[in-house]
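K.L.:
For reference, the sequence and a predicted model appear below.
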Amino acid sequence: MSAYQDDIKQVSSLKEKAGSPWGQINPEYAARMRAQNRFQTGLDIAKYTAAIMRRDMAEFDKDKTKYTQSLGCWHGFVGQQKLISIKKHFGSTERKYLYLSGWMVAALRSQFGPLPDQSMHEKTAVASLVEELYTFLRQADARELGGLFRELDAAREAGDSAKEQEILDKVENYETHVVPIIADIDAGFGNAEATYLMAKQMIEAGACALQIENQVADEKQCGHQDGKVTVPHEDFHAKIRALRYAFLELGVDDGVIVARTDSEGAGLTKEIAVVNEPGDQGDIYNSYLDVEEVAAEDTKEGDVLISRNGKLVRPKRLASGLYQFRQGTGHERCVFDCIEAINAGADLLWIETAVPTVHEIKGMMDEVRKVHPDAKLVYNNSPSFNWTLNFRQQAYDAWVEAGKDVSGYDRDRLMSAEYDDSELAAEADARVKTFQADTSREANVFHHLITLPTYHTTALSVDALAQEYFGEQGMLGYVKAS
């Protein structure tokens, strides 16, 4: 017997015990309401979606073509329409997630008004958006199942038993619109305790995966901006453990933690790490600092000094009090960050890169996977990249390396419209098209996301509508657009 039939039977039994006061209660209607409200709480959703992510991660380990994807959504309605469209076009939500970007929360959800991506918005705005997204996705379930139930009633009324069974099978095997959300907790919005409290709110709202970055919370910058400041590993790992404690306290035992490193583009740190013994985590972190050797008599009042291999060195310190890393250490620091984050309990990694190149991502992940062979990456297919220019340049450079004639192209002007229909442009577009599949195969990228796509597409569609509706087309502009 199906779950639907089981619910009808169970409510019928309750009705029988209640007697005449329940005379007007229809057990099948109650069963339908249960089907339309499968998830009672956000924790039910978090547990359900965490299991989905863990299953998808295991399948990806066996087959690199089974990577997952998401688009950033800034409103429940946007997330709902995205999932409805996915079911409409592909018949399944399999391996399709939602991404909740801190950037979008700052820009579109803050009571302070539009803000930059610097964690200045209200802490609770993120959890509120998680809850809103799942409210709209559950509503999509109720709507679609309601249509099936109407079809079921019509089939019964027509005496079409074959159609009735077909619809009952659809109800029994119904695929919910509720999918995993990877939610951005930025740098934790404070210390480890603040991170734990914020994580609890987000998990209780339904988040099964939390993404946290190794920047200083009160210096946080967008991943593709200059001026990022990282923290020593022990500080970051304390927050990773805070996330795990939040998951465990709430019974989401397989909750997913995504550890993001911004070290590739971060040249500064706010702290010198504590060193307990030579070669430990703190010692390695400090080894990347830009320092100069000094003699004791050459020190000045207020100097900060480090003893290294029996010598005194002075880290380069800016007027802001921040310390500077040596140029060219970004990749090495990223690899170190990733290895240590997995050691601290992270499940997935996130590396911010300056440009989207398969070989760069693969190079870093190859080093990480020497230590952690199953290390998997979440990659930001960022709108900050100029995808067209980057891949035209990559195609150009590949042709040069292969000895192909590029005399018809000016590398510095590859965005020019004169190249749009060229062979090189076609080659670049082909590389963009396969980028996600290529990086998943070559660099073990489990999840591909875009942070701001629905922000941009909404702006584009409103721009087109405004141009026509307020112009000569008038109402016809709206009619044609819709």
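P.N.:
Everything's here; your move.
K.L.:
hey, what's residue 183 bridged with?
P.N.:
residue 100, residue 210 (DSSP bridges).
K.L.:
who's in contact with it?
P.N.:
Residues in contact with residue 183, defined by C-beta atoms under 8 Å, 6 or more residues apart in numbering, are 100, 126, 130, 202, 207, 209-211. C-beta here means a position set from N, CA and C on the backbone, and glycine is covered the same way.
K.L.:
What distance do you get for it to residue 154?
P.N.:
Counting by C-beta to C-beta, to the nearest Å, the gap from residue 183 to residue 154 is 41 Å.
K.L.:
same thing with residue 100?
P.N.:
Applying C-beta to C-beta to residue 100 and residue 154 gives a distance of 39 Å.
K.L.:
more crowded one of the two?
P.N.:
residue 100 (29 against 13; other C-beta atoms under 10 Å).
K.L.:
Who are the packing partners of the helix or strand bottoming out on mean pLDDT in the chain?
P.N.:
For the chain, using mean pLDDT, DSSP states H and E, the weakest element among its helices and strands is helix 102-108, scoring a mean of 86. Counting contacts by 3 or more C-beta pairs under 8 Å, 6 or more residues apart in numbering; DSSP states H and E, helix 102-108 packs against helix 124-157, strand 181-184, helix 453-469.
K.L.:
can you do 7 Å?
P.N.:
Judged by 3 or more C-beta pairs under 7 Å, 6 or more residues apart in numbering; DSSP states H and E, helix 102-108 is in contact with helix 124-157.
K.L.:
Which positions in the helix or strand following the helix it packs on come out as buried?
P.N.:
Sequence order places helix 161-172 as the next helix or strand after helix 124-157, per DSSP states H and E. When neighbours are counted by 16 or more other C-beta atoms under 10 Å, the buried residues of helix 161-172 are found to be 164, 167-168, 171.
K.L.:
Nearest to residue 293 among those?
P.N.:
residue 171 (74.3 Å; C-beta to C-beta).
K.L.:
Wait, that closest one touches residue 3, no?
P.N.:
No: counting by C-beta atoms under 7 Å, residue 171 stays clear of residue 3, with 9.0 Å between them.
K.L.:
I'd assumed residue 312 was in a strand, is it?
P.N.:
Yes: checked against DSSP: H, G, I helix; E, B strand; the rest coil, residue 312 lies within a strand.
K.L.:
these two touch, right, it and residue 305?
P.N.:
Yes: using C-beta under 7 Å, residue 312 is in contact with residue 305, at 5.1 Å.
K.L.:
Test for you: state the pLDDT assigned to residue 226.
P.N.:
Residue 226 is assigned 56 on the pLDDT scale.
K.L.:
switch to numbering from 889
P.N.:
Sure, I'll start counting at 889 from here, so that last one is residue 1114.
K.L.:
how much space between the closest residue to residue 1182 other than its chain neighbours and residue 1121?
P.N.:
Closest residue to residue 1182 apart from its sequence neighbours, by C-beta to C-beta, 6 or more residues apart in numbering: residue 1202 at 4.9 Å. Distance from residue 1202 to residue 1121, counting by C-beta to C-beta: 23 Å.
K.L.:
Tell me which residues touch residue 1201, please.
P.N.:
1179-1182, 1193-1194 (C-beta atoms under 7 Å, 6 or more residues apart in numbering).
K.L.:
what about the strands in the stretch 889-1038 of the chain?
P.N.:
Remark: strands assigned in the stretch 889-1038 of the chain by DSSP state E, counting those that start in this stretch are 956-960, 984-988.
K.L.:
got the contact list for residue 1029?
P.N.:
Taking C-beta under 7 Å, 6+ apart, we find residue 1029 in contact with 924, 926, 1064-1065.
K.L.:
if we go to 8 Å?
P.N.:
Residue 1029 neighbours (C-beta under 8 Å, 6+ apart): 924, 926, 1062, 1064-1066.
K.L.:
Then residue 1060?
P.N.:
Taking C-beta under 8 Å, 6+ apart, one finds 890-892 in contact with residue 1060.
K.L.:
Quick check: helices, which of the residues you listed are part of them?
P.N.:
891-892 (DSSP state H).
K.L.:
so how far is residue 997 from the nearest residue to residue 990 once chain neighbours are set aside?
P.N.:
By the measure of C-beta to C-beta, 6+ apart, the closest residue to residue 990 outside its immediate chain neighbours is residue 1072, 4.0 Å from it. For residue 1072, the distance to residue 997 (C-beta to C-beta) stands at 12 Å.
K.L.:
thinking again about what came up before, overlap in contacts, residue 1059 and residue 891.
P.N.:
Common neighbours of residue 1059 and residue 891 are listed as residue 923 (criterion: C-beta under 8 Å, 6+ apart).
K.L.:
Poorly predicted segments of this structure, please.
P.N.:
Residues of the chain meeting the criterion pLDDT under 70: 889, 1004-1007, 1105-1115.
K.L.:
Domain ranges for it, per the record?
P.N.:
As given by the TED database, the domain ranges for the chain are 889-924, 927-1162+1215-1339, 1343-1369.
K.L.:
most neighbours per residue, which of those?
P.N.:
domain 927-1162+1215-1339 (a mean of 19; mean count of other C-beta atoms under 10 Å).
K.L.:
So what does residue 1210 have for phi and psi?
P.N.:
Residue 1210 adopts backbone torsions of phi -80, psi 150, taken as degrees, to the nearest 10.
K.L.:
what sits against it?
P.N.:
Residue 1210 is in contact with 1117, 1156-1158, counting by C-beta under 8 Å, 6+ apart.
K.L.:
what sits against residue 1033?
P.N.:
920, 923-924, 1059, 1062.
K.L.:
possible to save these as TSV with distance to residue 899?
P.N.:
TSV is the format used below for these (distance: C-beta to C-beta, whole Å):
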residue	distance to residue 899
920	10
923	12
924	14
1059	16
1062	19
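K.L.:
just the residues you listed now: which is nearest residue 949?
P.N.:
Distance to residue 949 across those (C-beta to C-beta) is lowest for residue 1062, with 28.4 Å.
K.L.:
gap between that closest one and residue 1033?
P.N.:
Taking C-beta to C-beta, one finds residue 1062 at 6 Å from residue 1033.
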